[in-house]
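1. build me a model from this:
(one chain, ligands or ions: 1)
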Amino acid sequence: MKIDTVRSDFPQLRETVYGKPLVYLDNAATSLRPLSVVREWEDMSLKYNSNLHRAVHKTAVDATERYESTRAAVAAFVGAEFPEEIVFTSGTTQSINLLASCLEGSGFFSSGDEILVAESEHHSNIVPWQLVSMRKGLKIKVIPVNSHGEILVETLSELLTPRTKLCCIAHISNVLGIVNPIREIVDICHANGTLVLVDGAQGIVHADVNIREAGCDFYAFSGHKIYAAPGTGVLYGKKALLENLPPYMGGGEMIESVSWEKTTFAPVPGRFEAGTQNISGTPTLVPAIQTCKILRDREIAKEQEDIKAFMAKSLTSNPDITLYGNPEDPAKKIPLYSFSVAGVHHEDLALILDKMGIAVRSGQMCAEPLMNRFGVTGMLRASFAPYNTLKEAEYFIESLNKAIKMLK
Ligand code: PMP
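-> Model (predicted):
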């Protein structure tokens, strides 16, 4: 079976917790690492360790070559037109903060301008915009979701005004698992002259991302959710837009020339990558991308579909369970399930499941406004990766039912 071969590349899947085989269902928080990623990190640390872009010696040239060829590999993976459109960051959070700072510094926003943010966004795609809004006197308008968790695209026509400069939206919600209609939203926003930032932290894992087809202006994601080293990430931006942005941080390697009278800045993307970069981590995006491609295999996709059908049926047929993010069309949802159980606290359930070897997330999942929307203080979330199996899903449901019985 292909899935067994794939699983053997992720050593953590052979770990036990409390004497039980680990069933890792917290993949939306961070994925597990395959050996190929760890080996790349090891090679970069033990064979190619050297600072980037600076020295002329062979090791520095080799390290720089590996770092820059990673940029080209990422550009090809997401369908960017130019490698320069890929800015390396420490993750989605830094990507969005970088963009917020640079847009602010460029004079893009004037007092009274508006930013649209979806109700289902992660705090990383809310708070950076609140910070800019506080400083620049902007207004944040919320795009609502319906009771299934789907974004109400039809509200855009009312929300958009001539002052709407930017729309910030997740490709896939980390709480609801719903795939948002990015192309449709981009077309509506662009017709209004509004730029679109897509938070792709979950989208990059589960969708075949083609940025040019999506048409968005910016796309942010983290390496650690696609099997790469933590502390790696990407901000994609259309070249013409990035070229009009000022630097994010000042420091080494982001400049063209420095003098007391006048400092000029490096071309993109170097302008946004001040200081020593993640020398060992960023090149792990290459084997990580390879892993993503392997995991998109047909046999593995079929197992994912079986998991989705089983999970949806099991969770919706239990009258005590409320599933958040339940679109009519199952193709619109990834195998990510946030729910609550009547009369049982999500944290108690998570603790009992942990004792059964199951790692799940409980709490607000960095989306407090969405918790308020559904009138809950938190949820329990089981998020599957393509290396998870139907057997694990079955064990999860069986264990969940046992845990509910114990707590009721
Ligand atoms: N946005 C979404 C949709 C996410 O799922 C996450 C991670 N939970 C983030 C942003 C933040 O990612 P990071 O912590 O890697 O910066």
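2. please name the residues that touch the closest residue to residue 21 other than its chain neighbours.
-> Sequence neighbours aside, residue 357 is the residue nearest to residue 21 in space, at 5.7 Å (criterion: CB to CB, 6 or more residues apart in numbering). To be clear about C-beta, it is placed using only N, CA and C from the backbone, and glycine gets the same treatment. By CB atoms under 8 Å, 6 or more residues apart in numbering, the contact set of residue 357 is 16, 17, 18, 20, 21, 22, 23.
3. my read is that the fourth one contacts residue 353, right?
-> Just to be clear, that refers to residue 20. No - contact between residue 20 and residue 353 fails when scored by CB atoms under 8 Å: they sit 10.4 Å apart.
4. higher neighbour count, these two?
-> More crowded of residue 20 and residue 353, by other CB atoms under 10 Å: residue 353, with 22 against 14.
5. let me see the contact set for the more buried one.
-> 360, 396, 399, 400, 403.
6. count the residues that sit near residue 86.
-> The burial count for residue 86: 26, using other CB under 10 Å.
7. got a list of what it touches?
-> So residue 86 contacts 71, 74, 75, 78, 80, 234, 235, 236, 269 (CB under 8 Å, 6+ apart).
8. what's the distance between residue 224 and the ligand?
-> From residue 224 over to the ligand the distance is 6 Å, taken as CB to the nearest ligand atom, to the nearest Å.
9. would you list the phi and psi of the nearest residue to residue 337 once chain neighbours are set aside?
-> Nearest residue to residue 337 in three dimensions, chain neighbours excluded: residue 382, at 5.0 Å (CB to CB, 6+ apart). The phi/psi pair for residue 382 (degrees, to the nearest 10) reads phi -110, psi 120.
10. please save the CA atoms from stretch 232-251 in CSV.
-> Provided in CSV are the C-alpha atoms of stretch 232-251 (Å, rounded to 0.1, in the frame of the first residue of the first chain):
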residue,chain,number,x,y,z
THR,A,232,10.0,29.0,7.4
GLY,A,233,7.4,30.7,5.3
VAL,A,234,6.5,32.6,2.2
LEU,A,235,4.8,35.8,1.1
TYR,A,236,3.9,35.8,-2.5
GLY,A,237,3.2,39.2,-4.1
LYS,A,238,2.7,40.2,-7.7
LYS,A,239,6.1,41.6,-8.8
ALA,A,240,4.7,45.0,-9.9
LEU,A,241,3.1,45.4,-6.4
LEU,A,242,6.1,44.3,-4.4
GLU,A,243,8.3,46.7,-6.4
ASN,A,244,6.3,49.6,-5.1
LEU,A,245,6.6,48.6,-1.5
PRO,A,246,9.3,50.0,0.8
PRO,A,247,11.4,47.7,3.0
TYR,A,248,10.0,45.9,6.0
MET,A,249,13.1,45.8,8.3
GLY,A,250,16.4,47.6,7.8
GLY,A,251,19.7,45.7,8.1
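11. quick one, phi/psi of the residue nearest to residue 21?
-> Main-chain dihedrals, residue 357, degrees, to the nearest 10: phi 90, psi 10.
12. tell me the pLDDT at it?
-> Model confidence at residue 357, given as pLDDT, is 98.
13. which SSE is residue 234 in?
-> Take DSSP states H and E as the rule and residue 234 turns out to sit in strand 233-237.
14. distance from that strand to the middle of the chain?
-> Centre-to-centre, strand 233-237 and its host chain are 11 Å apart (CA atoms, centre = their mean, to the nearest Å).
15. note down every partner strand of that strand and its orientation.
-> strand 86-89 (antiparallel), strand 218-222 (antiparallel) (DSSP bridges).
16. right, so of the ones you listed, which gets closest to the ligand?
-> The ligand sits nearest to strand 218-222 of all the strands paired with strand 233-237, at 3.3 Å, using CB to the nearest ligand atom.
17. any idea of the mean pLDDT for that closest one?
-> 98.
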